[in-house]
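Peer 1: This is a predicted model, with the sequence first.
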Amino acid sequence: MAKQNVDNLNVTCPCCHSKLVVDAVFGAVLSHETPPKTGPNVDLTDAAGILNEQQRNREDKFRDSWNLEHNKEDILAKKFEEAMKKAKDAPAGKPLRDIDLD
């Protein structure tokens with residue numbers, strides 16, 4: 001295969017806007033340069049409101065988890081009672097042995 005005097009291609013990615021240098025002969029990416037990341041577009045006047053909302057969300061999650069932990073014993077007792085009812089209503093059968101499965 002003969003070498004060609006072809007310059008590399010400079011391409012900008014339409015998705016992430018990275019700058020790519022592509023070999024024209026082999027189609028391989030030789031290098032890439034990612035664009036600088038921009039910070040969040042938040043107005044500082046809204047920062048107090050955002051922080052208050054995040055605090056409310058944290059308090060709500062904590063309150064929910066505390067209620068679940070506080071009622072955990074009652075929930076487990078109800079589940080146990082329901083399982084006992086199912087066990088009493090289920091017919092007592094002969095246990096399966098490995099030899100029965102053949």
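Peer 2: Everything's here; your move. Numbering: from 1, shown residues only.
Peer 1: use CA for all of it now, contacts and neighbours both
Peer 2: OK.
Peer 1: Quick one: the helices in the chain, in order.
Peer 2: 47-70, 72-89 (DSSP state H).
Peer 1: Let's have those in a markdown table, adding mean neighbour count.
Peer 2: What follows is the helices of the chain, written out as a markdown table (neighbours: other CA atoms under 10 Å):
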| stretch | mean neighbour count |
| --- | --- |
| helix 47-70 | 12 |
| helix 72-89 | 11 |
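Peer 1: in the chain, which segments are predicted with low confidence?
Peer 2: Along the chain, the model assigns pLDDT under 70 to residues 1-6, 102.
Peer 1: follow-up on the earlier one: okay if I get the helices of the chain as TSV plus distance to L30?
Peer 2: Shown next, in TSV, are the helices of the chain (distance: least, CA to CA, whole Å):
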stretch	distance to L30
helix 47-70	43
helix 72-89	59
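Peer 1: Can you tell me which of those helices is nearest to N10?
Peer 2: N10 sits nearest to helix 47-70 of all the helices of the chain, at 40.7 Å, using CA to CA.
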